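> Sequence first, then the predicted structure, then my questions.
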Amino acid sequence: MSGFHQRVFSGMQPTSTLHLGNYLGALTNWVAMQKTHECIYCVVDMHAITMWQDPADLKRAIREVTAAYIAAGVDPKQSIIFNQSQVPGHAELAWVFNCVARLGWLNRMTQFKEKAGKDRENASVGLYAYPNLMAADILLYKATHVPVGEDQKQHLELTRDIAQKFNNDFGPQIAEHGLGTGELGFFPLPEPMIQGPAPRVMSLRDGTKKMSKSDASDYSRINLTDDAEAIATKIRKAKTDPEALPSEEKGLEGRPEAENLVGIYAGLSGSSKDAVLKQFGGGQFSGFKAALVDLAVEKLSPIAVEMRRLLADSTHIDAILGAGADRADAIAAPIMREVKDIVGFVRSR
Ligand code: AMP
Ligand code: TRP
């Protein structure tokens, strides 16, 4: 990726309270990447309305997700934190990408199929075009690295396809305006960063299903706002199997619930599954679960407390989002102007 300035972009939808999957699959990586990269972290409110959101709930959720980013360790002074709808370039570039991406590409998106369900005719057009908006989010900043959970991999591949097609379709104009980065074209092909021991956290009730905000059972997930009591109950009730824990990672094969809990422990403690099994291998789940409760409470409770503190002052949160939007727009606006020149729009004011 040499030639492009290294820049991180990622986002989460303000559709409900964040859970442990969001935290281990994405947020912990976001926090770590601040040490090495310029980072832009977005609350993607325009993505949220691809499915019906009560407007008052949406406002609350935007502030809550912002608070979660900060409470988890994203520093708003260093990184840019903002909500998508405050920077007009996202919608503008998404429209251009609606005209670059092909129907056949979008028809392959599994997230759309899952979310639209059986009643596809009744899904919003926005839900279908969602991946184009996501590509716009990333490429509006020419971001090179995108830390996400594993479920977003397909969308990242689409983003790369869109970047490549734009670079090809408009190759002569990019060259003519002198806007390419060497042989690489106008847009970088962003790299997904799917990292850590828990890139896919599974439901506590069923180790074959992703931990998700849409699961009907609250016992399936640990919310970042859960108190110590709730965390402890959910882990104690988490599904396991009758065997003892293995001493090596290989022994987790075919044991999705065991693998999930070990992955969660590794993620929360910043170690690896192997290291966790060295410590707990051979033991029963009861002892391991007790240790996991302690660890989860130790790591997650301060986040819930800090979120509550931040949410008590919505003016402060809104000020952070406003300042972030200004900084984001300062990067995005010149890139969007170049896109318009490349595409052939006339700019006369
Ligand atoms: P969402 O809540 O779907 O907007 O997801 C926000 C971020 O969290 C994305 O990067 C997802 O890939 C990640 N994520 C969501 N659920 C999980 C999960 N169960 N395991 C790991 N990462 C997840
Ligand atoms: N689609 C992502 C999700 O559901 C959220 C998202 C929107 C995103 N735009 C993004 C993630 C850009 C990374 C980069 O989780």
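Looks like it came in fine. For clarity, every value in this text was computed on a predicted model and none was experimentally measured. Residues are numbered from 1 along each chain as shown. Ligands and ions are numbered 1, 2, ... in the order given.
> only C-alpha atoms for contact and neighbour calcs from this point on.
Noted.
> can you pull the contacts of L27?
L27 makes contact with 69, 72, according to C-alpha atoms under 8 Å, 6 or more residues apart in numbering.
> Now N98. Its backbone dihedrals?
When read as degrees, to the nearest 10, the backbone of N98 gives phi -60, psi -30.
> what's the neighbour count on it?
As a burial measure, N98 scores 17 neighbours (other C-alpha atoms under 10 Å).
> my guess is it meets A129, correct?
Yes - counting by C-alpha atoms under 8 Å, A129 is a contact partner of N98 at 7.2 Å.
> ok, P76 - contacts?
Residues in contact with P76, defined by C-alpha under 8 Å, 6+ apart, are 70, 320, 324.
> Go through these and say which is closest to I80.
Set against I80, the nearest of the contacts of P76 by C-alpha to C-alpha is G324 (5.0 Å).
> From ligand 2, how far out is the closest one?
Plainly put, G324 is 16 Å away from ligand 2 if you go by C-alpha to the nearest ligand atom, to the nearest Å.
> Residue numbering should commence at 725 henceforth.
Sure thing, new numbering starts at 725, so read that last one as G1048.
> And what about that residue, helix, strand or coil?
helix (DSSP: H, G, I helix; E, B strand; the rest coil).
> Tell me how many other residues crowd it.
Counted with other C-alpha under 10 Å, residues neighbouring G1048 total 24.
> List the contacts of it.
The contact partners of G1048, by C-alpha under 8 Å, 6+ apart, come to 800, 804-806.
> Go again with 10 Å.
Contacts of G1048 were listed using C-alpha atoms under 10 Å, 6 or more residues apart in numbering, and they are 764-766, 800-801, 803-807, 810-811, 1042, 1054.
> Quick one, grab the pLDDT at it.
Per-residue pLDDT puts G1048 at 98.
> Count the residues that sit near Y765.
Using other C-alpha under 10 Å, Y765 is surrounded by 24 other residues.
> May I have the host helix or strand of it as CSV, with CA atoms only?
Element membership for Y765, per DSSP states H and E: strand 762-767. Written as CSV, here are the backbone C-alpha positions of strand 762-767 (Å, rounded to 0.1, in the frame of the first residue of the first chain):
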residue,chain,number,x,y,z
GLU,A,762,-4.1,8.3,12.1
CYS,A,763,-7.6,7.0,13.0
ILE,A,764,-11.1,8.1,12.0
TYR,A,765,-14.0,6.4,13.9
CYS,A,766,-17.5,7.1,12.7
VAL,A,767,-20.9,6.5,14.2
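> buried stuff in that strand?
For strand 762-767, burial by neighbour count (16 or more other C-alpha atoms under 10 Å) applies to 762-767.
> Over to stretch 935-953?
Within stretch 935-953, the residues scored as buried using 16+ other C-alpha under 10 Å are 935-937, 942-952.
> Need those residues in JSON lines (columns: pLDDT).
Formatted as JSON lines, the buried residues of stretch 935-953 follow (pLDDT from 0 to 100):
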{"residue": "M935", "pLDDT": "96"}
{"residue": "S936", "pLDDT": "94"}
{"residue": "K937", "pLDDT": "91"}
{"residue": "D942", "pLDDT": "96"}
{"residue": "Y943", "pLDDT": "97"}
{"residue": "S944", "pLDDT": "98"}
{"residue": "R945", "pLDDT": "97"}
{"residue": "I946", "pLDDT": "97"}
{"residue": "N947", "pLDDT": "97"}
{"residue": "L948", "pLDDT": "96"}
{"residue": "T949", "pLDDT": "94"}
{"residue": "D950", "pLDDT": "95"}
{"residue": "D951", "pLDDT": "93"}
{"residue": "A952", "pLDDT": "95"}
